[in-house]
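**Q** this is a predicted model, with the sequence first.
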Amino acid sequence: NAGVMQNPRHLVRRRGQEARLRCSPMKGHSHVYWYRQLPEEGLKFMVYLQKENIIDESGMPKERFSAEFPKEGPSILRIQQVVRGDSAAYFCASSSRVSNTEAFFGQGTRLTVV
Amino acid sequence: GENVEQHPSTLSVQEGDSAVIKCTYSDSASNYFPWYKQELGKRPQLIIDIRSNVGEKKDQRIAVTLNKTAKHFSLHITETQPEDSAVYFCAASNAGANSKLTFGKGITLSVRP
């Protein structure tokens, strides 16, 4: 049973470009959470999605950031017109249902904006 | 919203000693409290968790205690080993709501051989 898979592991983007981060949850998991981790800080919640639905996006910046979890395929976190402050590790976690709160994290995508 | 605070930010212990890491939370609706270990450049890994209907849980050298009245919970590691050196994060969530985790800022544990 493969764990949560994220790709790419490392992503370098120039300022103004778009970044697309992918997350495939564990088999059987339909709940996906995205977190951002700045250097030497804790993880900050960004968005919670179920298949085809955004449940809670209270942690997402109002502009340039969007997320989706289509019926088929991985969840995507999209950052448009990246700025240096977007440089961080982005982690995805999945769980099987709301009441089963054990969340398993992927390896993360380390985004560097140059 | 929930606010989780973690103290201290760094902790150094001698191999074989015990380590205790404390966290406080603010939202009385929180009912699930996991602890994650993160090694440099790696993913956070769940090491133990506790739900609000119990006060203590133990798994080999690791234990977690919860005081709902005071809104704090602690991680206890006994007989520490150098491989326990890592960053440890506590978190809190409201299972049954959307279960998003609110994390503390983490503590860097160093175990001196």
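**A** Now that the structure is in, tell me what you want to look at. Numbers count the residues shown, from 1 in each chain, chains lettered A, B, ... in the order given.

**Q** every contact and neighbour count from this point should use C-alpha atoms.
**A** Noted.

**Q** enumerate the residues of chain A near chain B.
**A** By Cα under 8 Å from any Cα of the partner chain, the residues of chain A that approach chain B are A:33, A:41-45, A:48, A:55-56, A:91, A:98-101, A:103-108.

**Q** in chain A, where is pLDDT below threshold?
**A** Residue ranges of chain A with pLDDT under 70: A:1, A:98-101.

**Q** okay, the residue nearest the centre of chain A and A:Phe69: tell me how far apart.
**A** Centroid-nearest residue in chain A, with Cα atoms, centre = their mean: A:Trp34, separated by 3.7 Å. Separation of A:Trp34 from A:Phe69 (Cα to Cα, to the nearest Å): 11 Å.

**Q** do the same with A:Ser30
**A** Counting by Cα to Cα - A:Ser30 and A:Phe69 are separated by 9 Å.

**Q** need the residues touching each of these two.
**A** A:50-51 (Cα atoms under 8 Å, 6 or more residues apart in numbering or on different chains).

**Q** tell me how many other residues surround the residue nearest to A:Ser96 when sequence neighbours are not counted.
**A** Nearest residue to A:Ser96, sequence neighbours excluded (Cα to Cα, 6 or more residues apart in numbering or on different chains): A:His29, at 4.1 Å. Per other Cα atoms under 10 Å in any protein chain shown, the neighbour tally for A:His29 reads 18.

**Q** A:His29 belongs to a strand, doesn't it?
**A** No. Remark: A:His29 does not belong to a strand; assigned using DSSP: H, G, I helix; E, B strand; the rest coil, it is coil.

**Q** just checking, it touches A:Glu102?
**A** No. Applying Cα atoms under 8 Å as the test, A:His29 and A:Glu102 come out as separate, 11.0 Å apart.

**Q** residues that sit against both of the two, list them.
**A** Joint contacts of A:His29 and A:Glu102 (Cα under 8 Å, 6+ apart) are A:Ser95.

**Q** just checking, A:Pro70 touches A:Glu52?
**A** Yes. Judged on Cα under 8 Å, A:Pro70 makes contact with A:Glu52 at a distance of 4.9 Å.

**Q** list the contacts for residue 42?
**A** All of this is about chain A. Going by Cα under 8 Å, 6+ apart, A:Gly42 touches B:89, B:103-106.

**Q** wrong one, I was asking about chain B
**A** Counting by Cα under 8 Å, 6+ apart, B:Lys42 has contacts A:107-108.
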